[in-house]
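Asks: My questions are about this predicted structure, shown below with the sequence.
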Amino acid sequence: MRVHLSGICGTAMASLAALLKARGHVLTGSDQDVYPPMSTQLEAMGIPLRSPYAADNVPADADLVVIGNALSRGNPEVEVVLDRKQRMTSLPALVSDEFLGGRTSIVVAGTHGKTTTTSLVAFLLDQAGRDPSFLVGGVPTDFGVSARLGTGPHFVIEGDEYDSAFFDKRPKFVHYQPDVAIVGNLEYDHADIYPDLASVQTAFARLMSVVPRRGLIVAGVESPSLVAILDRAYSPVETFGLGVAADWRADDLRPGPEGWRFRLTRRGGDLGEFVLGIPGEHNVRNALAALAAVASQGLEPAEVRDALARFRGVKRRLELRGRVRGVAVYDDFAHHPTAVRETLKALRQGSEGRLWAVFEPRSYTSRTRVFQDDFGRAFEGADAVIVAAAHLPGKVPQAQRLSERDLVESIGPRARFVPGVDAIVDTVAGEARSGDVVAVLSNGGFGGIHARLLAALAQVTPPVV
């Protein structure tokens, strides 16, 4: 088929493009915001990419147009597809139709940790020789690509609760025919489509409702909002958590140079010590979920112990972008208060210098007031906080909009409002000293701040301590 993807630079859409390309389809794509790692992945695949959105971007002879869920009525590509009556679909519907039939679908959901957990499940299966297919909302370091068609029976897919398209308001993950569903946690998010926590819980209950009775739900027992709906499951449920009553449990967590060590218990049986190669308590939780999922597919923890220690994580998730003059610059996708808090907590471990947090409110929810107080507390682990100007604030109604200055005031004297990228780079490069760690927190490109900051650090005379 000739397939055009509108919104192709989204992480999931670029991943779908890779799968369609592997199937031999002829692809074109377009997007408004184009930045790595997805733009470079598409370039490497030789997929023509046009920007910004325009009616002429959509080939009139395309057999199918995939409409990304960021597009709505009024978008020129949506309007021309409707005018032409071209066949159109959503990403999750096409994934289901094209790739999931006849495969064992492992769907990874939850408010936090989806990308890392999806990558880890795929990696463990891969290292055990199972050659899984996967679609991840990021780029796993060990694979170097966000999607792959394997020859094995498993398809591992990141499933989120966001809606599928402007014409299909169902959560994406209900399309994915889960045999195993991992739900790591559940918190309020996506304020643009969910009015309250109860509506988010309803979405996750819908996911559980399509897991067959022979299937499995792997659930994070430390998330009260998730535990409250587990009685709606039709399939068996296995739980996991740190130091709590759970089917899969991790105790005695200890960070070290080779990774995080923990003691693994399964239904009360001690399975010994394991090492996870990436930092953070939140990632140990992700590892427990992944171990439970692959165990359901016949891979016992002892068989994947070595692979767990080799796992290198995902780009833009606690990713070290560089170290200049002794200053380490990390990139992280965190855009929810819980994710910010856990990221800073992980970076604080083993760091003797100051911890900087550079935060861009970019997701819809982070640009609203709904989490303003929670964000004020989420940065407690940082020694210095810089809040950038919110991305496209006009898309949020004035009465609901985050106030960057109020956020800075709630954080306290450690925080500053520095609107633009140039000024942020000058500030951090001018004040950071050897041993400091800088965490850049944004779910977007943030004006290429990571490379610019590293370049500036290399040129600035170190401050006198």
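Replies: Arrived safely, thanks for sending.

Asks: Give me the helix or strand of the chain that scores worst on average pLDDT.
Replies: helix 38-45 (a mean of 82; mean pLDDT, DSSP states H and E).

Asks: need the next SSE after that helix, C-terminal direction.
Replies: Moving toward the C-terminus from helix 38-45, the next helix or strand (DSSP states H and E) is strand 49-50.

Asks: Give me the three-state assignment for the residue nearest the centre of the chain.
Replies: Nearest to the geometric centre of the chain sits Thr115, at 4.4 Å (Cα atoms, centre = their mean). Secondary structure for Thr115, judged by DSSP: H, G, I helix; E, B strand; the rest coil, is helix.

Asks: For it, which non-adjacent residue is spatially closest?
Replies: Spatial nearest neighbour of Thr115, chain neighbours left out: Gly138 (4.2 Å); criterion: Cβ to Cβ, 6 or more residues apart in numbering. Just so you know, the C-beta spots here come from the backbone N, C-alpha and C atoms, and that holds for glycine as well.

Asks: One more: Leu149?
Replies: Ala22 (4.5 Å).

Asks: now do Arg416
Replies: Ile386 (5.6 Å).

Asks: Contact partners for that neighbour?
Replies: Residues counted as contacts of Ile386 (Cβ atoms under 8 Å, 6 or more residues apart in numbering) are Trp356, Ala357, Val358, Phe359, Ala415, Arg416, Phe417, Val418, Ile424, Thr427, Val428.

Asks: Can you check what pLDDT the model gives the third one?
Replies: This means Val358. As predicted, Val358 sits at a pLDDT of 96.

Asks: repeat for the last one
Replies: In this model, Val428 is scored at 95, pLDDT.

Asks: what comes into contact with the helix or strand where Val438 lies?
Replies: Secondary structure assignment for Val438, by DSSP H and E: strand 437-441. With contacts defined as Cβ under 8 Å, 6+ apart, strand 437-441 is touched by 321, 327-335, 340, 343-344, 347, 351, 353-360, 382, 428, 432, 446, 449-450, 453.

Asks: Give me the subset of those lying in strands.
Replies: Among these, the ones falling in strands (DSSP state E) are Arg321, Val327, Ala328, Val329, Tyr330, Asp331, Asp332, Leu355, Trp356, Ala357, Val358, Phe359.

Asks: my guess is the third one meets Asp436, correct?
Replies: Yes. With the criterion set as Cβ atoms under 8 Å, Ala328 and Asp436 qualify as a contacting pair; they are 7.5 Å apart.

Asks: what about Gln372, is that helix, strand or coil?
Replies: helix.

Asks: re earlier: tell me how far the strand holding Val438 is from the chain's mean position?
Replies: Put simply, strand 437-441 sits 17 Å off its chain's centre (Cα atoms, centre = their mean, to the nearest Å).

Asks: contacting residues around Arg232?
Replies: With Cβ under 8 Å, 6+ apart, Arg232 has these contacts: Ala205, Met208, Ser209.

Asks: From those residues, list just the buried residues.
Replies: By neighbour count, with 16 or more other Cβ atoms under 10 Å, the contacts of Arg232 hold Met208 as buried.

Asks: still on that earlier bit, what's near enough to touch the residue nearest to Thr115?
Replies: Thr11, Pro37, Thr115, Ser119, Ser146, Val314, Lys315, Arg316, Arg317, Phe333.

Asks: Compute the distance between it and Arg267, please.
Replies: Applying Cβ to Cβ, to the nearest Å, the value for Gly138 to Arg267 is 32 Å.

Asks: and if you look at Ala290?
Replies: 17 Å.

Asks: next one: Gly29
Replies: Counting by Cβ to Cβ - Gly29 and Arg267 are separated by 47 Å.

Asks: out of these two, which sits in the busier spot?
Replies: Gly29 (24 against 9; other Cβ atoms under 10 Å).
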